[in-house]
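# Sharing a model prediction with you, sequence too.
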Amino acid sequence: MNEVINWKGYLAMFDGQALMIQSPFMLDDSIAFGADSDYTTMAIAGISLMQSRGINFATVRSLPLVEAQAVKSATGVTVLSGDDSDEEDCEWNLLVGEEATLVFTNDLERNLGFHGPADLEVLDPTFAGDIAEAWSLELKASHVSQGAYVSEAAYLEGASARLNFMAQSHTTGLVWPPRQLDANGKRIPAPSESLTASATVESWTKLSAAGAPSEFALRAPVLGGIQTVFVRFDQGPCGVFLVADDEQYEPEIGDKVTFAVRQIYAQEGLIRYGMKAIPVRG
């Protein structure tokens with residue numbers, strides 16, 4: 001029986017260097033994604049787990065169900081698919097299961113002995129259907145939030161700093177999120193240092209569905225509102241983060257949290273990915 005590792009809100013199991021990672025939820029007897037997860041967020045979590053164990057690679061072959069730009073920004077790993085994978089020397093493969101499961105392997109001929117956990121959390125069918133419908137409407141190309149508009153170009157430009165916690169080194173300490181000028185109008189160098197994904201909750205807010213920003217207007221009623229936390233990183237910078245939608249968590253001041261890439265919202269047919277807070281348990 002493989003050891004089950006709770007990682008970034010997913011369940012992971014190693015077999016040698018190969019890794020299987022899956023959602024902790026069930027729906028209609030099948031493994032299913034939570035409210036803000038997909039194959040891209042799971043792939044990022046899997047790569048980060050492998051990197052934490054000293055298993056590093058620059059490229060991985062995958063079906064186009066994984067959003068390559070988000071994976072590259074968050075992990076530094078290039079996802080190859082289609083014709084690209086035939087032209088590149090690539091040792092690792094990312095196998096996408098029919099259910100919410102991924103396998104990373106560097107040996108396609110090896111018979112992998114994964115046996116996933118049986119005690120998964122069952123999703124409420126009504127909730128799962130409502131959240132899926134909300135995402136479907138949000139992903140329509142015609143859907144544009146009436147709130148703060150972020151173009152695709154602007155989103156992609158800042159993706160690495162957001163998804164990899166890249167901070168700027170300044171005379172006053174680390175600066176995150178990155179900015180061009182300091183308080184005195186002097187230019188700050190480009191981001192060069194990565195923050196550790198560990199922070200302490202200093203305050204929190206629960207926004208009702210009616211009071212949530214318009215980019216969450218379709219999903220906030222289904223989720224029962226939007227939970228945010230204001231945190232201070234161990235290295236000094238502060239920031240405000242959404243709590244992961246599939247976490248049953250009521251924040252308290254002083255809580256330790258870590259972070260995982262999740263779907264934030266969709267605009268003009270493009271998912272915006274970002275970091276969300278997850279409580280450190282145990």
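Cool, the structure landed. Numbering: from 1, shown residues only.
# Secondary structure of residue 278: a strand, I assume?
Yes. Counting by DSSP: H, G, I helix; E, B strand; the rest coil, one finds residue 278 located in a strand.
# Quickly list what residue 96 is bridged to.
Per DSSP bridges, the residues bridged to residue 96 are residue 102.
# What about it, how many residues nearby?
When neighbours are defined as other CB atoms under 10 Å, residue 96 has 17 of them. Every residue, glycine included, has its C-beta placed from N, CA and C.
# is it true that it touches residue 64?
No. Counting by CB atoms under 8 Å, residue 96 stays clear of residue 64, with 9.5 Å between them.
# excluding its backbone neighbours, what's nearest residue 266?
Leaving out its chain neighbours, the residue that sits closest to residue 266 by CB to CB, 6 or more residues apart in numbering is residue 138, at 4.2 Å.
# What is the burial count for the one you found?
The number of residues packed near residue 138 is 20, by other CB under 10 Å.
# residues contacting it?
Listed by CB atoms under 8 Å, 6 or more residues apart in numbering, the contact set of residue 138 reads 218-219, 265-266.
# Swap in 10 Å and give it another go.
145, 215-219, 263, 265-267, 269, 271 (CB atoms under 10 Å, 6 or more residues apart in numbering).
# Quick check on it: phi, psi?
Per-residue torsions, residue 138: phi -70, psi -30 (degrees, to the nearest 10).
# Could you measure from it over to residue 144?
10 Å (CB to CB, to the nearest Å).
# ditto for residue 166
28 Å.
# Comparing those two, which residue is more hemmed in?
The residue with more neighbours, out of residue 166 and residue 144, is residue 166; 19 against 12, by other CB under 10 Å.
# list the contacts for the more buried one?
Counting by CB under 10 Å, 6+ apart, residue 166 touches 73, 158, 160, 176-178, 190-195.
# can you do 6 Å?
160, 191, 194 (CB atoms under 6 Å, 6 or more residues apart in numbering).
# Quick check: the second one touching residue 170?
No. Using CB atoms under 6 Å, residue 191 and residue 170 do not qualify as a contacting pair, with a distance of 10.9 Å.
# higher neighbour count, those two?
Neighbours were counted for residue 191 and for residue 170 using other CB under 10 Å; residue 191 has more, 21 against 13.
# Using the three-state scheme, assign the more buried one.
With three-state DSSP as the basis, residue 191 sits in coil.
# Now it: phi and psi?
Dihedral angles phi and psi of residue 191 (degrees, to the nearest 10) take the values phi -60, psi 130.
# Chain neighbours aside, what residue packs nearest to it?
Nearest non-adjacent residue to residue 191, counting by CB to CB, 6+ apart: residue 166, 3.7 Å away.
# Tell me where the model's unsure across the stretch 1-150 of the chain.
1, 82-88, 113, 145-148 (pLDDT under 70).
# Buried residues of whichever strand or helix holds residue 44, list them for me.
In the assignment (DSSP states H and E), residue 44 maps to helix 39-52. Under the neighbour-count criterion of 16 or more other CB atoms under 10 Å, helix 39-52 has 39-50 buried.
# so residue 202 touches residue 230, yeah?
Yes. Contact status for residue 202 versus residue 230: in contact at 5.3 Å, counting by CB under 6 Å.
# gap between residue 42 and residue 74?
According to CB to CB, residue 42 and residue 74 sit 12 Å apart.
# and if you look at residue 177?
Separation of residue 177 from residue 74 (CB to CB) stands at 15 Å.
# Counting neighbours, go ahead and name the busier of these two.
residue 74 (26 against 14).
# looking at this, the more buried one is in a helix?
Yes. Assessed by three-state DSSP, residue 74 belongs to a helix.
# The residue nearest to residue 116 when sequence neighbours are not counted: how many residues sit nearby?
Using CB to CB, 6+ apart and skipping the chain neighbours, the partner closest in space to residue 116 is residue 22 (5.8 Å). The number of residues packed near residue 22 is 24, by other CB under 10 Å.
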